[in-house]
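[1] got a predicted structure here, sequence first:
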Amino acid sequence: MIESHTHLIARVRRGALFLAVALLIVLLDQVTKSAIRLTLAPGESLPADAPIRLTHVINTGAAFGLFTGQSAFLLLATAVGVGAILLYYAFPPANSRLLDTALGLQFGGALGNLIDRVRQGYVTDFIDLRVWPVFNLADSAIVVGVAVLAGFLMLSQRAASHQET
């Protein structure tokens, strides 16, 4: 009985971390995108000539301008991605707060952009580094989440290899 109670508490904590990270990302993403839409006209940048600036971009495609105008495909791809994240979360290779955080970042980022696509038919991008396509906080969360997941898997593999020898 005590073991199952402890297991339940661990699952609730794990779920709370995953959901808290995802909800924080969705909230920050939607608030910043809304602020950009209210402040800048599409195509407008602030400051206009800075190396890093805010630029209001309406993105009907995916990263790097791929699949422009392919809303149905992008909605389907996002739904598949969200499903894959949830499946990986449900059956993780290890119990780890770092893994749950990485998956929460990815899930929150995917939901943030999905909300835009469903509500508006496009994603609002605004972080302009001038040497890279304009992106948003949801995109950043996805990239950071993938990088953390990759690092976690590589370190886990390395640790497993050292234990075998």
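    Nice, I can see it. Numbers count the residues shown, from 1 in each chain.
[2] how about the helices in this structure?
    All helices of the chain, identified by DSSP state H, fall at 2-39, 71-90, 97-120, 137-164.
[3] okay, these in TSV with mean neighbour count next?
    The C-beta positions use only the backbone N, C-alpha and C, and glycine is treated the same way. Formatted as TSV, those follow (neighbours: other CB atoms under 10 Å):
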stretch	mean neighbour count
helix 2-39	14
helix 71-90	14
helix 97-120	21
helix 137-164	15
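[4] got the contact list for the nearest residue to residue 73 once chain neighbours are set aside?
    Sequence neighbours aside, residue 67 is the residue nearest to residue 73 in space, at 6.1 Å (criterion: CB to CB, 6 or more residues apart in numbering). By CB atoms under 8 Å, 6 or more residues apart in numbering, the contact list for residue 67 reads 61, 73-74.
[5] with residue 41 instead?
    residue 56.
[6] go on, residue 115?
    Residue 115 neighbours (CB under 8 Å, 6+ apart): 26, 30.
[7] what residues does stretch 50-58 touch?
    Here stretch 50-58 has contacts from 36-37, 39-47, 122, 124-130, 134, using CB under 8 Å, 6+ apart.
[8] among these, which are in strands?
    The strands, defined by DSSP state E, take in 45-46, 124-128 from the contacts of stretch 50-58.
[9] who wins on neighbours among those?
    residue 124 (25 neighbours; other CB atoms under 10 Å).
[10] any idea of the pLDDT on the residue nearest to the spatial centre of the chain?
    The residue lying closest to the centre of the chain (CA atoms, centre = their mean) is residue 109, at 2.4 Å. Confidence at residue 109, expressed as pLDDT, is 97.
[11] how much space between residue 139 and residue 120?
    Going from residue 139 to residue 120 by CB to CB, to the nearest Å gives 16 Å.
[12] next one: residue 16
    Counting by CB to CB, the gap from residue 16 to residue 120 is 30 Å.
[13] related to what we said a few turns ago, show me which of the contacts of residue 67 is closest to residue 27.
    Distance to residue 27 across the contacts of residue 67 (CB to CB) is lowest for residue 74, with 22.4 Å.
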